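*Asks:* dropping a prediction and its sequence here:
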Amino acid sequence: MCDVDERHQHAVDAAIAGGEGLRTVVVGKGGVGKSTITALLARILARRGAQVLAVDADEQRNLAATLGLAAAAAAIVPLAEQADYVEEKTGARPGEGSGGILRLNPDVSDVVERLGVPAPDGVRLLVMGTVRRAGSGCLCPEHSLLAATVGGMSLRRGEVVLMDTHAGVEHFGRALARGFDRALVVVDPTFNAMHVGVEAARLSIDLGIHDVRLLVNRVRGPDDLCRALDNISRAGDFAFHSLHALPYDELAMASEPAVDELLRGSDLAGAVGALAAELVPAATTPILQAVR
Ligand SMILES: Nc1ncnc2c1ncn2[C@@H]1O[C@H](COP(=O)(O)OP(=O)(O)O)[C@@H](O)[C@H]1O
Ligand SMILES: [Mg+2]
């Protein structure tokens, strides 16, 4: 354990237990900016001294490229397809189903060390991959492994975990976000994005995630923000814990997929930097570093 004075001990305990909301799932409609914001948050928090684990739970797997790993991204074998690891941990290989005995709570405390990919600024990336299910309720080994990985990781490591997800709300069906402390619901100012956002927010509550925040991305001015806020009630209403506006930034499109150019200086990275300070209080990051 690290040498921190008593004053900060509660923060350390809370960080390790995830009580500071350090396990964060990013949800929303396709194309609203989830991966861009996840990558920016991950790299900004890492630059500020936090130990950051970025988890790609989108089957399109573009978080690696967004984090700035374009060349290496194609070579990353996702967790669900790491056949030897899945078998070692669960007793069955991916796709084998549960004919034999399947360990439902595998010990995955080594997963980040063994399968985490180093990304820029010291971020670690874990790519989850796709669970191919034959119908609902499948007890397949890869799902068992992914659920155990996501559910338990931060409790042991005291990290900031940011999980990027695919469009819509299907991952909630798989309950992969169970055990997370916070959901960031990303929308753009449109009704359709807010409709998905409100649904995702409600499902977050159903999963026991009570800190649900709204990020309105691609805001070009006050009218856009007002439109987005009006759409909350049109989409069925939800009392978000907080609301944050992120500006439309030409550079995002011009420099995609990687966020490197944005991080060199942009309105969007500036706004995400301010958001990062709110999400992870400054006092917590050096403490996290000390706990390592
Ligand atoms: N604030 C923004 N301003 C302008 N373009 C943005 C902004 N945020 C994201 N984008 C762009 O929108 C596209 C979709 O973003 P992405 O992060 O891939 O969305 P998602 O992960 O939700 O599908 C990308 O080309 C990205 O560069
Ligand atoms: Mg994405």
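*Replies:* The structure has been received and is ready for your questions. Ligands and ions are numbered 1, 2, ... in the order given.
*Asks:* who are the contact partners of whichever residue of the chain sits closest to ligand 2?
*Replies:* Closest residue of the chain to ligand 2, CB to the ion: residue 35 (3.3 Å). Quick note: C-beta positions are derived from backbone N, CA and C, even for glycine. Residue 35 makes contact with 58, 62, 63, 66, 164, according to CB atoms under 8 Å, 6 or more residues apart in numbering.
*Asks:* so which of these sits lowest on pLDDT?
*Replies:* For the contacts of residue 35, the weakest pLDDT value sits at residue 58, with 87.
*Asks:* surely that residue touches residue 129?
*Replies:* No. Using CB atoms under 8 Å, residue 58 makes no contact with residue 129, being 10.0 Å away.
*Asks:* between the two, which contacts overlap?
*Replies:* Here residue 58 and residue 129 share no contacting residue, scored by CB under 8 Å, 6+ apart.
*Asks:* ranges for the strands of the stretch 51-200 of the chain?
*Replies:* Taking DSSP state E, counting those that start in this stretch, the strands of the stretch 51-200 of the chain run over residues 52-57, 117-118, 124-127, 160-165, 182-187.
*Asks:* and the contacts of the shortest one?
*Replies:* Outside of strand 117-118, the residues that reach it under the criterion CB under 8 Å, 6+ apart are 64, 69, 72, 76, 124, 125, 126, 127.
*Asks:* have a look at those and tell me the least confident one.
*Replies:* residue 72 (72).
*Asks:* which residues sit in contact with that one?
*Replies:* Listed by CB under 8 Å, 6+ apart, the contact set of residue 72 reads 64, 117.
*Asks:* tell me how far it lies from residue 148.
*Replies:* For residue 72, the distance to residue 148 (CB to CB, to the nearest Å) stands at 26 Å.
*Asks:* same thing with residue 28?
*Replies:* Residue 28 is 26 Å from residue 148, by CB to CB.
*Asks:* ok, the residue nearest in space to the middle of the chain - contacts?
*Replies:* Nearest to the geometric centre of the chain sits residue 163, at 1.5 Å (CA atoms, centre = their mean). By CB under 8 Å, 6+ apart, the contact set of residue 163 is 23-26, 38, 54-57, 150, 176-177, 180.
*Asks:* hmm, 7 Å instead?
*Replies:* Going by CB atoms under 7 Å, 6 or more residues apart in numbering, residue 163 touches 25, 26, 55, 57, 150, 177.
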